[in-house]
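Student: Show me the folded form of this:
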Amino acid sequence: MTKFDEATQAIKIDDQTYDVCLDPGYSIGGPLNGGYLVAVLLRAAVDAAPFAHPVSTSAQFLKAPVPGPARVRVEPLKAGRTAAFSRATLIQDGAAAIEALVTTATLAEAEPDYSGEAPDMPPIEQCAKLPDPKPESNMTLNAQMELCFDPPTIGWLHGRPTGRPESRAYFRMSEEQDPDAYVLALAVDALPPVVFSAGRRGWAPTVDLTWNLRALPAPGWLTLAGSGRLISGGWFDEEVEVWDSVGRLVAQSRQLARVGRG
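Tutor: Residues are numbered from 1 along each chain as shown. Here you go, the predicted structure:
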């Protein structure tokens, strides 16, 4: 079992209840990463489902959970021949923190009838990494994964944002691990908020995150391409595509978040 598998583990108590322990290693300056939290929910939801793959997840973030014990309650809604639907709730200190609707199915290996093209990225050796965070920043998430960025999309780090909400990077876990559905749940929320590249900084809390598992990823680096459509009234959207090492689109996400202050 990898560290990530252990950090997202859900222990079954009964048919609808799972104990989890939220790991402080996935913190972004205090709050836990939303993709990590969704991965925890999905461990329980998939275990309780008749199908193996979480093909669609829509999560509402009601409050920010903190590291430590929590529970996931899974409520089956409907199961058919090809898909099953459930509601998964992350509960901490007696209050719901995240509500998610999860659809599970069985994905088969198949060549796509149509697929767009993977983003045009420079070779990985020409990409850049963010500097290591200062210990007092409590950015523990950085130690769990590797991100190598298309250099223009982190120009904001040096006061040169592109002016467009965008971010592109290669991604893999720091510990050797082939990507799976739970790693993809983390990956779709692993990029810095795309508003950074538009010149806006600060913690950008996610309100809603919806993502789709489109194919089972091949081993190796993933490519993440993030973009936004609208920044307005203190809100922004972020869309992320995830491509695997053989150039297949394996995940898509869309989230609504608040523009940070800072």
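
Student: For the stretch 51-200 of the chain, just list every one of the helices.
Tutor: Under the criterion DSSP state H, counting those that start in this stretch, the stretch 51-200 of the chain contains helices at 181-187.

Student: secondary structure class for the closest residue to Ala185 other than its chain neighbours?
Tutor: In this structure, Ala185 finds its nearest non-sequential neighbour in Ala39, 4.0 Å apart by C-beta to C-beta, 6 or more residues apart in numbering. C-beta coordinates here come from the backbone N, C-alpha and C atoms, glycine included. Following DSSP: H, G, I helix; E, B strand; the rest coil, the label given to Ala39 is helix.

Student: From His53, how far off is Ala39?
Tutor: According to C-beta to C-beta, to the nearest Å, Ala39 and His53 sit 14 Å apart.

Student: quick one, which of these two is more surrounded?
Tutor: Set side by side, Ala39 and His53 show more neighbours around Ala39, with 27 against 18, by other C-beta atoms under 10 Å.

Student: I'd assumed Val188 was in contact with that one.
Tutor: No - assessed by C-beta atoms under 8 Å, Ala39 is found out of contact with Val188, at 10.1 Å.

Student: what's near enough to touch the closest residue in space to Gly226 that isn't next to it in sequence?
Tutor: Nearest residue to Gly226 in three dimensions, chain neighbours excluded: Ser167, at 4.2 Å (C-beta to C-beta, 6+ apart). By C-beta atoms under 8 Å, 6 or more residues apart in numbering, the contact list for Ser167 reads 149, 153-154, 191-194, 196-197, 224-227.

Student: again with Val66
Tutor: Counting by C-beta under 8 Å, 6+ apart, Val66 makes contact with Leu22, Leu32, Gln92.

Student: Need the contact partners of stretch 21-38.
Tutor: 3, 6-9, 40, 57, 59, 61, 64-70, 90, 92, 98, 100, 137-141, 143-144, 185-190, 203, 205-206, 209, 211, 255.

Student: In strands, which of those fall?
Tutor: If you go by DSSP state E, the contacts of stretch 21-38 have 57, 59, 61, 68-70, 90, 92, 98, 100, 206, 209, 211, 255 in strands.

Student: Tell me the predicted confidence for the closest residue to Pro205 other than its chain neighbours.
Tutor: Nearest non-adjacent residue to Pro205, counting by C-beta to C-beta, 6+ apart: Arg258, 5.3 Å away. pLDDT recorded at Arg258 is 94.

Student: what's the answer for Lys63, then?
Tutor: Lys63 is assigned 94 on the pLDDT scale.

Student: Hmm, it is touching Ala95, no?
Tutor: Yes - counting by C-beta under 8 Å, Lys63 does reach Ala95; the two are 6.9 Å apart.

Student: For stretch 130-139, C-alpha coordinates in CSV please.
Tutor: The C-alpha trace of stretch 130-139 is given here as CSV (Å, rounded to 0.1, in the frame of the first residue of the first chain):
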residue,chain,number,x,y,z
LEU,A,130,7.7,25.7,-8.2
PRO,A,131,10.2,26.5,-5.4
ASP,A,132,10.0,24.4,-2.3
PRO,A,133,7.5,26.1,0.1
LYS,A,134,8.8,27.5,3.4
PRO,A,135,8.1,25.2,6.4
GLU,A,136,6.0,27.8,8.1
SER,A,137,3.6,28.0,5.1
ASN,A,138,2.2,24.5,5.9
MET,A,139,2.1,23.6,2.2
